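Visitor: Here is a sequence together with a model predicted from it:
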Amino acid sequence: MIGLLIAILSGACMSIQGVFNTQVTKDSSIWVANAFVQFTALLVCLAAWYITDKTSFATIGKVEPKYMLLGGAIGAVITYTVIKSMELLGPAKAVMIIVIAQLLIAYLIELFGLFGVTKQPLEWKKVLGMAVAIAGIILFKSKS
């Protein structure tokens with residue numbers, strides 16, 4: 001149950017953050033907004049680390065494979081693409097498409113066992129669920 005609540009909070013925060021970031025770009029620029037977002041995230045993470053953890057930063061050198069350390073760079077791409085998609089499509093359409101893309105890519109990662117994730121068998125009910133979600137986007141985007 002706690003996992004479900006955390007996932008809901010994550011989705012809500014992502015939507016709100018996307019709207020906030022898109023508004024910030026109107027008075028600055030997309031890269032200024034992105035840099036500010038990443039910088040404030042760093043400050044929050046450092047404060048949380050200092051309060052709760054204090055594990056040595058040297059442990060990051062033990063991460064294998066090294067490409068797993070690209071999460072922060074991917075985060076900058078995510079922030080940019082969320083801002084642009086919300087600007088061009090509006091928050092609701094953008095988030096729907098983003099979530100479907102997340103689902104599709106996450107399922108492919110599981111299906112093929114990519115990036116060290118345990119490989120899962122193909123389940124037709126998940127494929128059908130994805131198709132229903134995509135149909136929902138098409139319905140949502142269609143003009144009345």
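Guide: Now that the structure is in, tell me what you want to look at.
Visitor: helices or strands up against the longest helix along the chain?
Guide: Criterion DSSP state H: the longest helix present in the chain is helix 2-27. Using 3 or more Cβ pairs under 8 Å, 6 or more residues apart in numbering; DSSP states H and E, the elements in contact with helix 2-27 are helix 30-52, helix 71-89, helix 91-112. Every residue, glycine included, has its C-beta placed from N, CA and C.
Visitor: looking at those, which is closest to residue 4?
Guide: Closest of the helices and strands packed on helix 2-27 to residue 4 is helix 91-112, at 15.5 Å (criterion: Cβ to Cβ).
Visitor: what mean pLDDT would you report for the helix or strand just after that closest one?
Guide: The element immediately downstream of helix 91-112 (helix or strand, assigned by DSSP states H and E) is helix 124-141. Mean pLDDT, helix 124-141: 89.
Visitor: tell me the angle of helix 124-141 relative to helix 71-89?
Guide: Orientation of helix 124-141 against helix 71-89 (axes from the mean of the first three to the mean of the last three Cα atoms, to 10 degrees) gives an angle of 40 degrees.
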